[in-house]
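Undergrad: sharing a model prediction with you, sequence too.
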Amino acid sequence: TEHSGAWETLSLGFFAAVNPAILGCHPLCSFLFFTVNICLSVEDHSGYDLPWSTHRLVPFGLYGGAPHHDLHHMKFKANYAPYFTHWDRLLGTFATLRAKST
């Protein structure tokens, strides 16, 4: 978020808060959504690729986790999807860290 513009940050917060109200979600459902979303966001921004990380639970690399999100912060025009990687793959913005050849 330190590299996000004011409008981007405001729009993300606005739509995250307004969408459950527009959709008429039950308060418990909204609470569960925000709780899970915050936990996943903290994990993605931690920068750690731990053996028990959430992205290891979803097969075929469909969930990016911290490694995927770290590349988004290193290469600003890649890995836009916050959690799942299918949109980045389909739209050509998926990036991986290449190993250095010696």
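TA: That came through fine.
Undergrad: please count neighbours and contacts with C-alpha atoms only from this point.
TA: Noted.
Undergrad: low-confidence stretches in the chain?
TA: Counting by pLDDT under 70, the low-confidence segments of the chain come to 1-4, 99-102.
Undergrad: can you pull up the most central residue in it?
TA: P82 (2.0 Å; CA atoms, centre = their mean).
Undergrad: what's the longest helix in the chain?
TA: Using DSSP state H to assign secondary structure, the helix with the most residues in the chain is helix 27-46.
Undergrad: so what touches it?
TA: P20, S53, T54, G65, A66, P67, H69, D70 (CA atoms under 8 Å, 6 or more residues apart in numbering).
Undergrad: turn those into TSV, columns for secondary structure and neighbour count.
TA: Shown next, in TSV, are these (DSSP: H, G, I helix; E, B strand; the rest coil; neighbours: other CA atoms under 10 Å):
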residue	secondary structure	neighbour count
P20	helix	17
S53	coil	14
T54	helix	16
G65	helix	26
A66	helix	25
P67	helix	17
H69	helix	23
D70	helix	18
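Undergrad: now those as TSV including distance to S41?
TA: Output for the contacts of helix 27-46, formatted as TSV (distance: CA to CA, whole Å):
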residue	distance to S41
P20	18
S53	12
T54	11
G65	9
A66	9
P67	13
H69	10
D70	12
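Undergrad: hang on, the earlier thing: helix, strand, or coil at the residue nearest to the centre of the chain?
TA: Classification of P82 using DSSP: H, G, I helix; E, B strand; the rest coil returns coil.
Undergrad: what sits against it?
TA: H69.
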